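# next comes the sequence, and after it the predicted model I'd like to discuss.
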Amino acid sequence: MKAAGPIPSDFSADGGQLLLGGRPADQLASKGGSTPLFAYDRTVIADRVQQFRAAFPGIALHYALKANPFGPLLAHMAGLVDGFDLASAGELATLQAVVGDAPPTSFAGPGKTDDDLVAALATGVTINLESESEWTRLHRLATRHARRPKVAVRVNPPFGLKGSGMKMGGLASPFGIDHDRVPALVRQIIGSGADWRGLHVYAGSQSLSAHAIAESQRATVTLAAEIAEAAGASPPEVNLGGGFGIPYFPGDQPLDVEAIGTALTATLDQRAPIFRETKFIIELGRWLVGEAGVYLTRVVDRKVSRGRTYLVTDGGLQHMLAASGNFGQLLRRNYPVVVANRFGAEPEEEVTIVGCLCTPLDLLANEVMLPRAEVGDLIAIFCAGAYGLSASPQAFLSMPAACEILV
């Protein structure tokens, strides 16, 4: 037997039925166009935003679109956050189509093409530079199109986020400009007449250590002050990145954001005079929406092979790659999973849940204890709100698409 991750505390049951947005999962599956289905609970998202506001007074909150670009979710988020952070021109187009004149928006990511930069110039978003050569191209394009670019510099810091699932600092990187080269570039940007918007530092992601995140933020504020002093200019904004993780696996504990907020308040109370007018930003994706999402997939077959019971579903890794272990896991572990129409019932048997793809990689839950499930029952995989459908190979084997709904 192998344990599954912790079920988010936001969810409850009524008569054995998992409730999503106050409605039974089986009812949602029928309304949403049957299964497979991603359901995102707007109340959970709003609760996370409220928790952030209480812990981080005076700090701007940006939503990182890459976590989940579903249109209705973006429209809901637009009324909750202070801005958006993008990683592609496609995300910019998606945001524009849904929100129109969006709140403050920044565009990061290496390898921006000239077309990407022109699109960003046309819409007036802040462009986070990832290299000196990107600045050269942007300056040339801005001159050609008679645009004054909004520009921030993404910094590759000399430190990473300890305990993070993915470190993005403290090493050679395609992301950002090495910190010691940033002051000279800032002086070039300001000297060109561009609208310098500040600094962006992202040291890592998916950390469950409040201490590590607080230390990373403290180091970021110190580094940003050193860069600003060396450049001789006060940054209008400093984006501290994010890195807030959620508990996916057995033994994981929720992140203590209140402790992070207390530490950041203390850090900013002692900030350098050069930051007197600076706005500080935290960008979050996974932490805001990850636990709000549930992937629902129906059992289409139940079989026993050499003494092992398999539940075969109509979904799979083509929609929920992360749960299969093929999205960043070195050693595969089980996401939180339940039988949605027997939520809260006592476990009765050990089962392995697989999808309908013709590959042994299509493994949604391995040797977990669940109530007995039959053909037609509904399986719910939690923590599906971030890096779910959009991070999965949806065209693999030309299987049917999954539906998405915001409830």
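Looks like it came in fine. Residues are numbered from 1 along each chain as shown.
# so Glu91, which state does it fall into?
Judged by DSSP: H, G, I helix; E, B strand; the rest coil, the three-state class of Glu91 is helix.
# tally of neighbours for it?
The tally of other residues near Glu91 (other C-beta atoms under 10 Å) stands at 21. For glycine as for every other residue, the C-beta is placed from the backbone atoms N, C-alpha and C.
# contacting residues for it?
With contact set as C-beta atoms under 8 Å, 6 or more residues apart in numbering, Glu91 has these partners: 65-66, 69.
# mind running it again at 6 Å?
Leu65 (C-beta atoms under 6 Å, 6 or more residues apart in numbering).
# what does Phe396 give?
Gln318.
# please apply the same query to Arg148.
Asp195 are the contacts of Arg148 under C-beta under 6 Å, 6+ apart.
# one more time with 7 Å
Going by C-beta atoms under 7 Å, 6 or more residues apart in numbering, Arg148 touches 142, 193-195.
# please pick the buried ones from those residues.
By neighbour count, with 16 or more other C-beta atoms under 10 Å, these hold 142, 194 as buried.
# tabulate the contacts of Arg148 (a markdown table), appending secondary structure and distance to Ser207.
Listed next are those as a markdown table, based on DSSP: H, G, I helix; E, B strand; the rest coil; distance: C-beta to C-beta, whole Å:
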| residue | secondary structure | distance to Ser207 |
| --- | --- | --- |
| Ala142 | helix | 36 |
| Gly193 | coil | 39 |
| Ala194 | coil | 33 |
| Asp195 | strand | 32 |
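# including distance to Ile7 and pLDDT, could the contacts of Arg148 go into a markdown table?
A markdown table is the format used below for these (distance: C-beta to C-beta, whole Å; pLDDT from 0 to 100):
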| residue | distance to Ile7 | pLDDT |
| --- | --- | --- |
| Ala142 | 50 | 97 |
| Gly193 | 54 | 97 |
| Ala194 | 49 | 98 |
| Asp195 | 46 | 97 |
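# so can I have JSON lines of the contacts of Arg148 showing distance to Phe38?
Shown next, in JSON lines, are the contacts of Arg148 (distance: C-beta to C-beta, whole Å):
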{"residue": "Ala142", "distance to Phe38": "39"}
{"residue": "Gly193", "distance to Phe38": "46"}
{"residue": "Ala194", "distance to Phe38": "40"}
{"residue": "Asp195", "distance to Phe38": "38"}
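# between the contacts of Arg148, which is nearest Met1?
Comparing these against Met1 with C-beta to C-beta places Asp195 closest, at 58.2 Å.
# quick check: bridge partners of the closest one?
Lys150 (DSSP bridges).
# so how far is Arg148 from it?
As judged by C-beta to C-beta, to the nearest Å, Asp195 and Arg148 stand 6 Å apart.
# report pLDDT for the residue of the chain positioned farthest from its centre.
Farthest-out residue of the chain from its mean C-alpha position, per C-alpha atoms, centre = their mean: Arg306, at 39.8 Å. We have a pLDDT of 96 for Arg306.
# can you list the domains in this protein?
Taking automatic domain parsing as the domain assignment, the ranges for the chain are 13-40+291-406, 69-284.
# buried stuff in stretch 81-89?
For stretch 81-89, a neighbour-count test (16+ other C-beta under 10 Å) marks 81, 83-89 as buried.
# do the same with stretch 360-377
By neighbour count on 16+ other C-beta under 10 Å, the buried set for stretch 360-377 is 362-366, 368, 370-371, 373, 377.
# cool, thanks, talk later.
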